[in-house]
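Chemist: sequence-free structure coming up:
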Ligand SMILES: CC(C)(COP(=O)([O-])OP(=O)([O-])OC[C@H]1O[C@@H](n2cnc3c(N)ncnc32)[C@H](O)[C@@H]1OP(=O)([O-])[O-])[C@@H](O)C(=O)NCCC(=O)NCCSC(=O)C[C@@](C)(O)CC(=O)[O-]
Ligand SMILES: NC(=O)C1=CN([C@@H]2O[C@H](COP(=O)(O)OP(=O)(O)OC[C@H]3O[C@@H](n4cnc5c(N)ncnc54)[C@H](OP(=O)(O)O)[C@@H]3O)[C@@H](O)[C@H]2O)C=CC1
């Protein structure tokens, strides 16, 4: 059957109130169109429901408007368009979904919006990254540095909409490189999941706790946990009771994956095995917030989560002066009073830094990490001290919870995978599972150090807002004046008082009064 020509949707009957002959001709024309449309709708439904061929082939016979009509009358769920249209029609599914959402909403249309639709590989999204897709959101990607980290020169990829950030990190890289670059140590690698388990009584809960803490309990749960993955290796179990509720914090290495799906799968299996021994237990939730995922928590700051990294560098005093436009004593004093005392006065947990989250989140977005995990991943303590007879600056950043992966999650998306490839850490490490993800964590800690150094320098020198006015508020981005019509009428009114009006003191508006 040939592709149908363009197709008008079933439109509601026109309730024309006028009585003249032209309107009666219109209404008979409309009636004729409606009959035609209803017949076509019936035909489309017949193709859809009884086509002699696979559904995707039947739908290939229909044009977009006909598929939209089928969806509008409930024959196709908008979220399942990719499934019914087939893997070769993914962009078409997104296009049709945009139309459906536009026509069903009274707000702006999606069909002709600036949200990009084309030139995107939706096959990497399906079943992995996002549902009910209507396009994608591009972000500027800047490169700071490069930065010497453990003897290797890395470009620092930052996806951000905060002007100044890349410039600032670049300046920090320049200062760090001048002192020989950054050294990092990785002290722990363990993703965590902490289910909540109810027991009939505290006696039962305590008995389970003692068993889990015993060698027998640990090995039993470890065996079950590790049976679910080639890479998950259980490293520790930490238990805590709150009344008759027991919390168990599983910690595991996860190869090059960030590991949340992996650890959740392993934990579920371990709890199944535990249930056989304690039939009275009730697993309230796989996540009992004892993990702690995507929420601020002291347990992460103290115990670590994901990769725990400390970075160190020495910046010569003359570089502090020439590049950061301040002095070593000023930086050391400011870091103490701001990042330590200031944060302590604010009751911070893990926020003993200036803007670790800025740098970390920009790199997370560029490399396909889970951006919500910036909450705990950005926990950081920045320390500075004067060394070499007070001449030079020794700086460290300590980040116990950098949760990153180079396989899985958003790392499967083309652009993000390409950024990891630029860093030489795309996908799974060929010989040492986990090495790529650990390298990414080291790069992030070193880049955070660069950002800390530059921002503190700017704050010490009183350059912060000057920098943001220059890089963060370019004239073309200033809020546009009200529309021409209003401004002209406003000017016409106001113009009687004087000849020259400044609208938002950006553009002189000459009136003709
Ligand atoms: C903006 C600068 C770098 C100027 O710093 P400067 O020293 O005046 O700049 P410069 O022209 O002397 O350049 C020095 C170096 O900066 C870099 N640089 C300089 N310009 C660029 C550029 N356009 N693109 C890329 N890199 C640039 C570049 O490395 C350059 O070296 P060069 O290549 O010339 O040899 C400095 O003033 C600065 O770093 N300011 C701090 C800005 C910042 O870090 N903002 C963070 C966001 S604020 C915030 O969100 C956090 C906050 C403040 O709320 C957290 C808190 O509570 O503390
Ligand atoms: N489930 C949850 O509660 C949460 C999920 N997430 C989401 O989870 C996703 C990340 O889950 P994650 O488990 O990291 O990734 P995936 O769910 O993608 O699992 C990683 C997969 O890659 C395989 N793999 C192949 N090579 C390696 C290697 N070298 N190292 C590690 N794994 C390898 C693993 O094998 P194998 O099958 O043998 O393990 C596994 O199948 C993100 O999208 C994140 O947003 C985030 C927070 C919570």
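Modeler: Cool, the structure landed. This structure is a prediction, so every number in the text was calculated from the model and none was measured. Ligands and ions are numbered 1, 2, ... in the order given.

Chemist: Just the closest residue of the stretch 251-400 of the chain to ligand 2, please.
Modeler: Relative to ligand 2, the nearest point of the stretch 251-400 of the chain is residue 255 (2.4 Å; Cβ to the nearest ligand atom). (C-beta placed from N, C-alpha, C; glycine too.)

Chemist: Kindly report the same for the stretch 51-200 of the chain.
Modeler: residue 129 (7.0 Å).

Chemist: Can you check my assumption that that residue lies in a helix?
Modeler: No. According to DSSP: H, G, I helix; E, B strand; the rest coil, residue 129 belongs to no helix; its state is coil.

Chemist: Now do the contacts for the closest residue to it other than its chain neighbours.
Modeler: Of all residues not flanking residue 129 in the chain, residue 410 sits nearest, at 5.9 Å (Cβ to Cβ, 6 or more residues apart in numbering). Neighbour list for residue 410: 129, 368-370, 416 [criterion: Cβ atoms under 8 Å, 6 or more residues apart in numbering].

Chemist: want to try JSON lines for these, with pLDDT, distance to residue 263 and secondary structure as columns?
Modeler: Output for the contacts of residue 410, formatted as JSON lines (pLDDT from 0 to 100; distance: Cβ to Cβ, whole Å; DSSP: H, G, I helix; E, B strand; the rest coil):
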{"residue": "129", "pLDDT": "97", "distance to residue 263": "19", "secondary structure": "coil"}
{"residue": "368", "pLDDT": "98", "distance to residue 263": "19", "secondary structure": "coil"}
{"residue": "369", "pLDDT": "98", "distance to residue 263": "16", "secondary structure": "coil"}
{"residue": "370", "pLDDT": "98", "distance to residue 263": "13", "secondary structure": "coil"}
{"residue": "416", "pLDDT": "98", "distance to residue 263": "22", "secondary structure": "helix"}
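
Chemist: Surely residue 217 and residue 211 touch.
Modeler: Yes. With contact defined as Cβ atoms under 8 Å, residue 217 reaches residue 211; the gap is 4.1 Å.

Chemist: The helix or strand residue 311 falls within: partners in the sheet, and parallel or antiparallel?
Modeler: If you go by DSSP states H and E, residue 311 is part of strand 306-315. Strand 306-315 has the following sheet partners, assigned by DSSP bridges: strand 183-193 (antiparallel), strand 392-402 (antiparallel).

Chemist: after the first one comes which helix or strand?
Modeler: Using DSSP H and E, the helix or strand that follows strand 183-193 towards the C-terminus is strand 196-198.

Chemist: Show the average pLDDT along the strand holding residue 311.
Modeler: Mean pLDDT, strand 306-315: 98.

Chemist: tell me which residues in the helix or strand following it are buried?
Modeler: Per DSSP H and E, strand 306-315 leads on to helix 317-322 as the next helix or strand towards the C-terminus. Neighbour counts using 16 or more other Cβ atoms under 10 Å place 317, 319-320 of helix 317-322 among the buried residues.

Chemist: Stretch 336-348 now?
Modeler: For stretch 336-348, a neighbour-count test (16+ other Cβ under 10 Å) marks 338-340, 342-343, 348 as buried.

Chemist: again with stretch 186-196
Modeler: Under 16+ other Cβ under 10 Å, the buried positions of stretch 186-196 are 186, 188-196.

Chemist: Following element in sequence after the longest helix along the chain, please.
Modeler: In the chain, with assignment by DSSP state H, the single longest helix is helix 21-50. Later in the chain than helix 21-50, the nearest helix or strand by DSSP H and E is helix 55-60.

Chemist: distance of residue 193 from residue 262?
Modeler: For residue 193, the distance to residue 262 (Cβ to Cβ, to the nearest Å) stands at 10 Å.

Chemist: packing partners for the longest helix of the chain?
Modeler: Packing partners of helix 21-50 (3 or more Cβ pairs under 8 Å, 6 or more residues apart in numbering; DSSP states H and E): helix 55-60, helix 64-72.

Chemist: Check which helices and strands the shortest one sits against.
Modeler: Read that as helix 55-60. If contacts are counted by 3+ Cβ pairs under 8 Å, 6+ apart, helix 55-60 sits against helix 21-50, helix 81-85.

Chemist: winner for burial among the ones you listed?
Modeler: Across the helices and strands packed on helix 55-60, averaging neighbours per residue (mean count of other Cβ atoms under 10 Å) puts helix 81-85 on top, at a mean of 21.

Chemist: contacts for that helix?
Modeler: With contacts defined as Cβ under 8 Å, 6+ apart, helix 81-85 is touched by 55-56, 59-60, 67, 71, 76, 89-90, 92-94, 96-97, 122, 126.

Chemist: tell me which element residue 382 falls in.
Modeler: Going by DSSP H and E, residue 382 is part of strand 380-387.

Chemist: Just want the angle from that strand to strand 392-402.
Modeler: Interaxial angle of strand 380-387 relative to strand 392-402 (axes from the mean of the first three to the mean of the last three Cα atoms, to 10 degrees): 160 degrees.

Chemist: Show me which residues of the chain sit near ligand 2.
Modeler: 229-231, 254-262, 264, 293, 370, 405, 407-409, 428, 433 (Cβ under 6 Å from any ligand atom).

Chemist: ok, of those, which come out buried?
Modeler: 229, 231, 254-260, 262, 264, 293, 370, 405, 407-409, 428, 433.
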